[in-house]
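# sequence? don't have it. structure:
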């Protein structure tokens, strides 16, 4: 009888550990942080980023996308908070939900549900404002989302997201961690 009790409690502890581990890694992390040191330069860099986007895409970036990216940039440096969707703390899908909602677009709250919203597109077709989905726990299950921010002249894709270790940052899809975890892209606008 005691053996079954110990086996049962061991199984419960193991399952709890798995659930906690999954929550902790669900929104990944990155080494690169893009954050301004003061608010004045932050405003200038936002304007410069939007001008670069306009020129790169010949002014074809819609006002909605510009506004979404500007709002997302406004949250750079906000901390990570599981289940969070405000400047006091975001998780990855909380950030995407918040900035799209602020611009009149409703997204599902969970990254796994957002992954089925809109049109699936090839990575070569992504534009600023598209969503990138990742499996940060390995496998093929969506556990993280970011918004395409810029596409550099060499094709490097940068995206803004909420990482568990750094909060809201801009990362590159060229980083080994993100490149390995990448699953697919969706266009929701």
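Ah, there it is. Everything numeric in this text was worked out from a predicted model, so none of it was measured. Numbering: from 1, shown residues only.
# Every contact and neighbour count from this point should use C-alpha atoms.
Fine.
# End to end on stretch 122-138, go ahead and measure it.
21 Å (CA to CA, to the nearest Å).
# So which bits of that stretch are buried?
For stretch 122-138, burial by neighbour count (16 or more other CA atoms under 10 Å) applies to 126-137.
# Skip the chain neighbours and tell me the closest residue to residue 94.
Computed as CA to CA, 6 or more residues apart in numbering, the closest residue to residue 94 that is not its neighbour in sequence is residue 85, at 4.2 Å.
# these two touch, right, that neighbour and residue 101?
No - using CA atoms under 8 Å as the test, residue 85 is too far from residue 101 to be in contact (10.8 Å).
# what's the distance between the residue nearest to residue 94 and residue 77?
The span separating residue 85 from residue 77 equals 14 Å under the rule CA to CA.
# do the same with residue 163
Taking CA to CA, one finds residue 163 at 10 Å from residue 77.
# Residue 90 now?
Where residue 77 is concerned, residue 90 sits at a distance of 10 Å (CA to CA).
# list residues touching both of the two?
Here residue 90 and residue 77 have 167-168 as joint contacts, going by CA atoms under 8 Å, 6 or more residues apart in numbering.
# When the two are compared, which one has more neighbours?
Per other CA atoms under 10 Å, whichever of residue 90 and residue 77 has more neighbours is residue 90, with 26 against 19.
# Next up, phi/psi of the nearest residue to the more buried one once chain neighbours are set aside, please.
Leaving aside its sequence neighbours, residue 90 sits nearest to residue 84 (CA to CA, 6+ apart; 4.2 Å). Main-chain dihedrals, residue 84, degrees, to the nearest 10: phi -80, psi 150.
# try the one 10 residues further on
According to degrees, to the nearest 10, the main-chain angles of residue 94 amount to phi -60, psi -40.
# One more: residue 146?
According to degrees, to the nearest 10, residue 146 has phi -140, psi 160.
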